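# Kindly return the folded structure for what I paste below:
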Amino acid sequence: MADVPGWASGVDVDRPSAARMYDYALGGSHNFAADREAYAAVVRTFPDAPLVARSNRLFLHRAVRHIQTEFGINQFLDLGSGVPTVGNVHEIAQHLDPRARVVYVDIDPVAVAHAEMLLADNPGAAILRADVRDPASVLGSEQVAALLDLSRPVAVLMVTVLHFIRDDDDPAAIVAAFRDATAAGSAVAVSHLVADDWDDESRNVHGVYDRTSTGINPRTREGIAGLLEGYTLVEPGLVHLPSWRPDPGSAALDPLVDDPRRSVALAAVGRR
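Numbers count the residues shown, from 1 in each chain. Model (predicted):
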């Protein structure tokens with residue numbers, strides 16, 4: 001194992017991590033050679049990967065702003081948050097409302113270590129190292145108890161996390177557990193790789209992610225919609241990433257706006 005900085009002590013840097021690969025895709029610095037090499041392999045197979053990462057990040061920003069300004073919700077539970085690079089939920093939410101509260105959840109130790117440093121002086125945000133497949137451990141955590149009032153509406157963010165959960169782990173039950181733990185009026189934001197748009201070449205990306213601890217599991221449109229039962233989706237419903245309420249002039253930041261199927265992912269925001 002290669003030498004690692006103190007904040008990543010004990011991390012297996014020779015095995016790529018989906019969270020650190022995404023950090024690299026977004027221009028972050030908390031990743032290692034194995035992550036960069038794996039991401040380069042993804043790009044060789046699927047050249048649009050950097051554009052998809054950017055489009056997904058922009059969707060997250062739009063969803064957070066919509067949830068705050070239209071729903072009046074200022075509590076966020078960000079599941080599978082990854083390494084906290086620039087433009088995180090707390091930055092967007094607390095810019096709009098300094099009272100906003102955010103709990104990040106991730107299993108990757110590098111994501112957690114970096115978030116702890118980043119959030120050390122922010123009393124309105126915290127990171128929890130936990131497995132999102134165990135909702136009880138998340139919902140019963142000290143971080144959630146300290147920052148989120150579950151008797152009031154909470155926004156549960158499941159942005160590019162559900163396709164890392166295998167069918168055997170029952171993602172529908174996981175989504176339902178978080179949904180049922182939140183008050184009426186709560187919200188959800190989801191983005192998910194959609195199998196319908198993947199050609200044979202793109203499917204070779206699976207082989208790269210199989211080297212990580214998660215793999216990837218794109219689902220059909222119907223399968224993704226089924227995960228959102230119990231939520232009423234706001235317009236425009238379940239659509240490709242760039243098509244979910246794009247900002248005026250957004251094509252300059254997100255080239256996929258003009259060809260949204262290239263995002264190979266669907267997104268939605270809903271309320272219970």
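
# Just the C-alpha atoms of stretch 249-258, please, in PDB.
Taking C-alpha atoms only, stretch 249-258 is exported to PDB below (Å, rounded to 0.1, in the frame of the first residue of the first chain):
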ATOM      1  CA  GLY A 249     -28.600  30.000 -20.200                       C
ATOM      2  CA  SER A 250     -27.600  26.800 -18.600                       C
ATOM      3  CA  ALA A 251     -26.200  25.300 -21.800                       C
ATOM      4  CA  ALA A 252     -23.100  27.400 -21.300                       C
ATOM      5  CA  LEU A 253     -22.400  25.400 -18.100                       C
ATOM      6  CA  ASP A 254     -24.000  22.100 -19.100                       C
ATOM      7  CA  PRO A 255     -23.500  21.100 -22.700                       C
ATOM      8  CA  LEU A 256     -25.900  18.100 -22.200                       C
ATOM      9  CA  VAL A 257     -28.900  20.400 -22.000                       C
ATOM     10  CA  ASP A 258     -29.200  20.200 -25.800                       C
END
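
# Could you check that stretch and say which residues are buried?
Going by neighbour count (16 or more other CB atoms under 10 Å), the buried part of stretch 249-258 is 250, 254, 256-257. To be clear about C-beta, it is placed using only N, CA and C from the backbone, and glycine gets the same treatment.

# Nearest to Pro236, out of those: which one, please.
Nearest to Pro236, judged by CB to CB, of these is Val257 at 13.4 Å.

# All the helices of the protein, in order from the start?
For the chain, the helices defined by DSSP state H cover 18-25, 33-45, 49-71, 89-96, 109-118, 135-139, 142-147, 171-181, 205-209, 221-227.

# Nearest residue to the middle of this structure?
Centroid-nearest residue in the chain: Val159, 3.0 Å away (criterion: CA atoms, centre = their mean).

# from memory Arg65 sits against His95, does it?
No - with contacts counted by CB atoms under 8 Å, Arg65 stays clear of His95, the gap being 9.3 Å.

# What is the helix or strand bottoming out on mean pLDDT in the chain packed up against?
Across the helices and strands of the chain, mean confidence by mean pLDDT, DSSP states H and E is lowest for helix 205-209: a mean of 73. Identification of packing neighbours for helix 205-209 by 3 or more CB pairs under 8 Å, 6 or more residues apart in numbering; DSSP states H and E yields helix 33-45.
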